[in-house]
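Asks: Have a look at this prediction, sequence included:
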Amino acid sequence: MATKPVFAERGTAEEVERGLRFEPRFDADGLMPAIVTDAASGEVLMFAWMNAEALARTLETRLGHFWSRSRRKLWKKGEESGNLLHIAQVLTDCDQDVLWLKVSVGGTGVACHTGARSCFYRALPLGTTPGPDLAMMRSDPD
């Protein structure tokens, strides 16, 4: 595994919130949440985790790289399917502990490994009492 990239050390709250130096805060496992949306439509496509190496590779290559918690390894999204995430922009929140990736999806244009356009293709019913038989509804156009 490549050596861990070094990003700036965290400064004061004022520096983190108002400054222009990237001072990311990774969690205790060395991970940061990443929200991925379509750059053109704004549609939420997926959520994943990034470690410092995934973030560095994403910034360097302009292709989405993430950390798989289940497989415990780095992965380039779409490497096998051809549905690569081409990065248009990476933003961070005010605390610099969440990333927002605006992307265009290559290949067939689907971001989810299930073949759905977005990983968020099921909706939970509102105004109902939750229970073990709570049914979801499909929210995608399929």
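Replies: Everything's here; your move. Numbering: from 1, shown residues only.
Asks: just how off-centre is stretch 39-59 within its chain?
Replies: The chain centre lies 4 Å from the centre of stretch 39-59; the measure is Cα atoms, centre = their mean, to the nearest Å.
Asks: Please shift the residue numbers so they start at 753 in all later answers.
Replies: Yes, from this point I'll number from 753; that puts the last item at stretch 791-811.
Asks: Quick one: mean pLDDT over it.
Replies: Mean pLDDT, computed over stretch 791-811, is 97.
Asks: Buried residues in it, which are they?
Replies: 791, 797-798, 800-810 (16 or more other Cβ atoms under 10 Å). Using the backbone N, CA and C atoms, a C-beta is placed for each residue, glycine as well.
Asks: Mind checking which of those are in helices?
Replies: Members of those lying in helices (criterion: DSSP state H): 804-810.
Asks: Is the residue most central in space within the chain in a helix, a strand, or coil?
Replies: Taking Cα atoms, centre = their mean, the centroid of the chain lies closest to residue 786, which sits 3.0 Å from it. Under DSSP: H, G, I helix; E, B strand; the rest coil, the three-state class of residue 786 is strand.
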